[in-house]
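Student: here's a sequence, model it:
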Amino acid sequence: MSGTLAFLTEFFLRFVTLVALPLVLIVDLLQPNWWLLWLGVGLTIPALTQILCYRLAVRILRKARRVLSTVPPSVLDDSSLKNFGQWGISLFCYIIVLFLVWVGLQINFLHDVWAYTFVVFCLNVVILCCSKSIIFAPDVRGSLCRAFTLGERLEHL
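Tutor: Got it, this is the predicted structure:
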């Protein structure tokens, strides 16, 4: 897997593991009132990583379909991969909502911090943890593994 998209995907896959700790330390030690803003900032890297992974997987599957006769046509109709393609976009929408709530709290338009904290907690647990990380993750992992393995095969042809 060569090219700019592959390089960026690999970079962000590695970079995402390093981002969380410094952001948590900055917010907890320097400015705890900005937790909502920094949560949104911290989620941009995983969102971008998901979008890059999806784009690379689709590009590899299209190329593999043209080059390898053993790749079935239905591989591009993989529902779990299509589902994964929406994760990054939905995460960016979530980030926008977090930013708007943060702005509302900062200008005193919104007042009940604990209610918004509870909503953010529930969204994280239900949407990000339960549905995406537990229910859909095995199928998505299989689809991405299939695509990236095909990419490795294509590279050695």
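
Student: any stretches of this protein with poor pLDDT?
Tutor: 1, 75-76 (pLDDT under 70).

Student: what sits against residue 42?
Tutor: 19, 20, 23, 24 (C-beta atoms under 8 Å, 6 or more residues apart in numbering). From N, CA and C alone the C-beta is placed, and that goes for glycine too.

Student: find the helix or strand that it is a member of.
Tutor: According to DSSP states H and E, residue 42 maps onto helix 35-67.

Student: all helices for the protein, in order.
Tutor: Along the chain, the segments classed as helices by DSSP state H run 4-29, 35-67, 79-85, 87-106, 113-123, 137-155.

Student: make TSV out of those helices and add distance to residue 131.
Tutor: Below are the helices of the chain laid out as TSV (distance: least, C-beta to C-beta, whole Å):
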stretch	distance to residue 131
helix 4-29	20
helix 35-67	14
helix 79-85	10
helix 87-106	10
helix 113-123	11
helix 137-155	9
